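*Asks:* Need coordinates for the below:
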Amino acid sequence: MTNYEVKTQQFAGPLGKLLELIEEKKLEITAVSLAEVTADFLRYVKTLEKTAPGVIADFLVVAAKLVLIKSKALLPMLELSKDEEEDIKDLEGRLRIYREFKQASGFIKNLWDRNVSAYARPLFFSLGEQSIFYPPEDLKISDLARAVNNLAAILKVLLPEEQTVKRTVVTIEQKMEELLNRFKDAGQHSFRTMSGQKARHEVIILFLAILHLLKERIINVEQGSQFEDMVIQKSNG
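*Replies:* Residues are numbered from 1 along each chain as shown. Just a heads-up that it's a prediction; the model follows:
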């Protein structure tokens, strides 16, 4: 145990320090484990010279019990009085209770940090992990309706709005007719210009329409080199 600093706001007293030492060694709360941490605890007490006398007294009471437990561990033949045996059991019991409170405080702090203000009632502890709904007696239907409306308003913001997507089906014949109508306005057209900003499926249909018109020799297509734009002209024939 080194570099331990007593901080007033975080100070947990002798039981807290004793539990810390036991947990550091990953031990269960037993007389044997208490004997094992006695030396560490005594070293810690020596660092409390500037601490208030009342606080040091509390530590010394626990230290005396630890020394007794350690003595019993080193000298198995040592007979303890009934009160001394009770003191050891009392220390073990208090440590177990302190550990339960420490774990519970951590659980409550976690709920507090998450702004969760719901707590189970002892009456339903026997149900284990099963979740049930037990509203308070003074709960009104209007309260539930308001809560549901508030929840719906929150979900409405979080969930994306439902949108209907209508897909227009364009046939090759329609695209061929559209392409031929273009030649009424201009003698040639760029494939890149015609396909720009179009959906992928529409570009494919346009390309198929060009192939059909090319096959029927209705149009001519020129392309300088691979991957260059195609220039489409209406055939003179």
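
*Asks:* for this structure, what's the longest helix?
*Replies:* Longest helix of the chain, by residue count under DSSP state H: helix 82-113.

*Asks:* by contact count, what packs against that one?
*Replies:* In this structure, helix 82-113 packs against helix 13-24, helix 31-36, helix 53-74, with contacts taken as 3 or more C-beta pairs under 8 Å, 6 or more residues apart in numbering; DSSP states H and E. The C-beta positions use only the backbone N, C-alpha and C, and glycine is treated the same way.

*Asks:* Of all those, which one is nearest Pro136?
*Replies:* With C-beta to C-beta, the closest approach to Pro136 among the helices and strands packed on helix 82-113 belongs to helix 13-24: 36.0 Å.

*Asks:* can you put the helices and strands packed on helix 82-113 in TSV and add distance to Val169?
*Replies:* Shown next, in TSV, are these (distance: least, C-beta to C-beta, whole Å):
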stretch	distance to Val169
helix 13-24	70
helix 31-36	78
helix 53-74	84
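
*Asks:* how about the ones you listed, which one is nearest Asn181?
*Replies:* Closest among the helices and strands packed on helix 82-113, using C-beta to C-beta: helix 13-24, at 83.7 Å.

*Asks:* Could you list every helix and strand in contact with that closest one?
*Replies:* Looks like helix 13-24 contacts helix 31-36, helix 38-46, helix 53-74, helix 82-113 (3+ C-beta pairs under 8 Å, 6+ apart).

*Asks:* picking that back up, dump the helices and strands packed on helix 82-113 into JSON lines; add mean pLDDT and mean neighbour count as well.
*Replies:* Formatted as JSON lines, those follow (pLDDT from 0 to 100; neighbours: other C-beta atoms under 10 Å):
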{"stretch": "helix 13-24", "mean pLDDT": "83", "mean neighbour count": "18"}
{"stretch": "helix 31-36", "mean pLDDT": "81", "mean neighbour count": "18"}
{"stretch": "helix 53-74", "mean pLDDT": "82", "mean neighbour count": "16"}
